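Q: Sequence and predicted model, in that order:
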Amino acid sequence: MRSRTTRWVAAWLLLSAAAATGLAWILLDDRPLAARAWFTPGPMTHGHHQIELACGSCHTSPFGGGAVLQDACVDCHGAQLKRADDSHPKSKFTDPRNADLIALLDARECVACHVEHRPEITHPMGLSLPPDYCVTCHRDIGEERPTHAGLGFDTCASSGCHNFHDNRALYEDFLLKHAQAPWLLPAAKLPARDFAARWRSTHAAAPALQPDHPGDPQIVRDWLETAHADAGVQCSDCHAPQAQAWRDQPDHESCRSCHAVQVDGFLAGKHGMRLAAGLAPMTPAQARLPMHREAAHRELSCTSCHGAHRFDTQYAAVDACLGCHADTHSLAFKDSKHFALWQQEQAGALPAGSGVSCASCHLPRVVDDTGGAESVRVEHNQNDTLRPPEAMIRPTCLHCHGLGFAIDAMADPQLRANNFQGRPTTHIESIDMALTNLEADRVRRRARPAE
């Protein structure tokens, strides 16, 4: 009897050890990624679903609790919040004067408002609180600001109005500065990229007339027509950087030696975030937006858009996008006035910067003063201006359009869907409110008795 019991106990221990080993292998090893889906408590939000099998991206420690998740959020989104001058930083909620607010809404940690794996309570922007959560702290706003009297608390986040983390577009001095701007600016033009000029100013390399690696004659001809050849960038600089072994298909790390900022942006966006998490490259089949069936299994990398050897930025700006994206907004682009301007620019009928491509809006040209020298670069993180829609207003729309028009256009779902063919049918009153407050201030000043 004892022998039989001993055998059962030994078998149970052996099976338990095997199960524990298998579970650890599934959750911690990189290879059995598909099996991890068995243990996820639910699907992730629109912004994170691509990396839901890279559990360690957020759960860096199994026993760290909320502090570990908070660090993971800040590691990815901290720089973006800093650039936005976060309107509700942690310090606002750790201030003893706001201790009563914490009892109502403890926003010291991101997961207080953004809970993953809970699709049944998840709203746009990954918010897992009711859309009227602003009332928690601002229930008296109608009394403090007459322009807000009677407004519902579910209207706060309308395009052009309040964003919990970034209210730069709502500063009244900014609204008033642009209050009288026409819907289309007289000098509608994108700022010129200056990467090539800055490169030539710091690198004295002569043009490369012959490749340092024999190859297909067509590849050589393609390379000779590029800025790479003009700048003296040889085959080995990409295929064997820093004297590494030759690679027939260089990855994004080869691009990093010259384009570090662009690579970092790519890895932070939806196109490259799987690579950043140590997963296989994204394919259109993994997207939640409609994609062309024939593009389903293309792996996305730098050369997916820019092509190998030619690195055609015009192709990358439109055709590369439309080769994958099949949503309503993308399919409507070639019928839009923006595309007509783009065609005229490519034909030489309009000056550079006059056309509007997919990249003009979704990979905007931004002024960067990193290192003390101002430059214009392309932001390769398309997430940066994707949600909420009004995030696109400052870096993109205001190059060509007045603020009032841009706010209304971004608040019009139908206009966004048809790729901005027509005028907005929605009107957001943020500028009107700023003008009302300005006039009220003038009346109060005139009513003050003279000293």
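A: Good, I have the coordinates.
Q: Following the chain onward from the lowest-mean-pLDDT helix or strand in the chain, which element is next?
A: None of the helices or strands of the chain scores lower by mean pLDDT, DSSP states H and E than helix 33-36, at a mean of 62. Downstream of helix 33-36, the first helix or strand assigned by DSSP states H and E is helix 66-84.
Q: Next, the buried residues of that next one.
A: Buried residues in helix 66-84, defined by neighbour count with 16 or more other Cβ atoms under 10 Å: 69-70, 72-73, 76-77, 80-81. Using the backbone N, CA and C atoms, a C-beta is placed for each residue, glycine as well.
Q: Of those residues, which one scores lowest on pLDDT?
A: Lowest pLDDT within the buried residues of helix 66-84 is found at Gln80 (85).
Q: Tell me who's in contact with Gln344.
A: By Cβ atoms under 8 Å, 6 or more residues apart in numbering, the residues touching Gln344 are 350, 354-355.
Q: Please disregard the earlier target; I meant Leu184.
A: 400-402, 405.
Q: Any chance of CSV for those, columns neighbour count?
A: Below are the contacts of Leu184 laid out as CSV (neighbours: other Cβ atoms under 10 Å):
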residue, neighbour count
Cys400, 21
His401, 21
Gly402, 19
Phe405, 20
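Q: Identify, from those, the entry nearest to His162.
A: Phe405 (20.0 Å; Cβ to Cβ).
Q: Can you give the distance from the strand or helix carrying that closest one to the centre of its chain?
A: Using DSSP H and E, Phe405 maps to helix 403-410. Distance of helix 403-410 from the chain centroid (Cα atoms, centre = their mean, to the nearest Å) equals 20 Å.
Q: Low-confidence regions, the stretch 1-150 of the chain specifically.
A: Residues of the stretch 1-150 of the chain that meet the criterion pLDDT under 70 lie in 1-4, 19-37, 63.
Q: Find the nearest non-adjacent residue to Thr60, please.
A: Excluding its sequence neighbours, the residue lying closest to Thr60 (Cβ to Cβ, 6 or more residues apart in numbering) is Val68, at 5.5 Å.
Q: again, but for Ala205
A: Gly232 (3.0 Å).
Q: Surely that neighbour is within a helix?
A: No. Gly232: not assigned to a helix; according to DSSP: H, G, I helix; E, B strand; the rest coil it is coil.
Q: Quick one, grab the pLDDT at it.
A: Gly232 is given a pLDDT of 88.
Q: And the residue nearest to Thr60, how close does it get to Glu109?
A: 11 Å (Cβ to Cβ, to the nearest Å).
Q: again, but for Ala332
A: From Ala332 to Glu109 the distance is 40 Å (Cβ to Cβ).
Q: for Asn98, same thing?
A: From Asn98 to Glu109 the distance is 15 Å (Cβ to Cβ).
Q: Of those two, which one has the most company?
A: The neighbour comparison of Asn98 against Glu109 (other Cβ atoms under 10 Å) goes to Glu109, with 16 against 13.
Q: got the contact list for the residue nearest the centre of the chain?
A: Centroid check for the chain by Cα atoms, centre = their mean gives Asn383 as the closest residue, at 1.3 Å. Shown in contact with Asn383 (Cβ under 8 Å, 6+ apart): 47, 268-270.
Q: In those, find the pair that's most separated.
A: Largest pairwise distance in the contacts of Asn383, by Cβ to Cβ, is 11.3 Å, between Gly47 and Ala268.
Q: neighbour count winner among these two?
A: Ala268 (21 against 18).
Q: mind listing what that one touches?
A: 76, 276, 381, 383-384.
Q: and the nearest residue to His162 once chain neighbours are set aside, backbone torsions?
A: Once flanking residues are discounted, His162 sits nearest to Cys156: 4.6 Å by Cβ to Cβ, 6+ apart. Dihedral pair for Cys156: phi -60, psi -40, per degrees, to the nearest 10.
Q: change the start of the numbering to 279 and stick with it
A: Understood, numbering begins at 279; the last thing we discussed is Cys434.
Q: so what's Cys434 up against?
A: 410, 412, 440.
Q: Most neighbours of all the residues you listed, which one?
A: Cys412 (19 neighbours).
Q: Any figure for the gap between that one and Asn715?
A: In terms of Cβ to Cβ, Cys412 sits 19 Å off from Asn715.
Q: that older thread, if I pick the residue nearest to Thr338, what's in contact with it?
A: Val346 neighbours (Cβ under 8 Å, 6+ apart): 336-339.
Q: ok, of these, which one's closest to Ala482?
A: Out of these, the member with the shortest distance to Ala482 (by Cβ to Cβ) is Thr338, at 44.3 Å.
Q: residue contacts, the closest one?
A: So Thr338 contacts 346, 349-350 (Cβ under 8 Å, 6+ apart).
Q: Return the member of the contacts of Leu462 nearest to Arg655.
A: Cys678 (19.2 Å).
Q: Would you mind giving the contacts of Thr338 as CSV with distance to Val498 added?
A: As requested, the contacts of Thr338 are exported to CSV (distance: Cβ to Cβ, whole Å):
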residue, distance to Val498
Val346, 51
Asp349, 49
Ala350, 46
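Q: Provide the backbone phi and psi angles at Leu462.
A: phi -120, psi 120.
Q: and the gap between the nearest residue to Ala687 once chain neighbours are set aside and Asn696?
A: Excluding its sequence neighbours, the residue lying closest to Ala687 (Cβ to Cβ, 6+ apart) is Pro702, at 4.8 Å. Distance, Pro702 to Asn696, using Cβ to Cβ: 12 Å.
Q: which residues of the stretch 479-628 of the chain fall in strands?
A: Taking DSSP state E, counting those that start in this stretch, the stretch 479-628 of the chain contains no strands at all.
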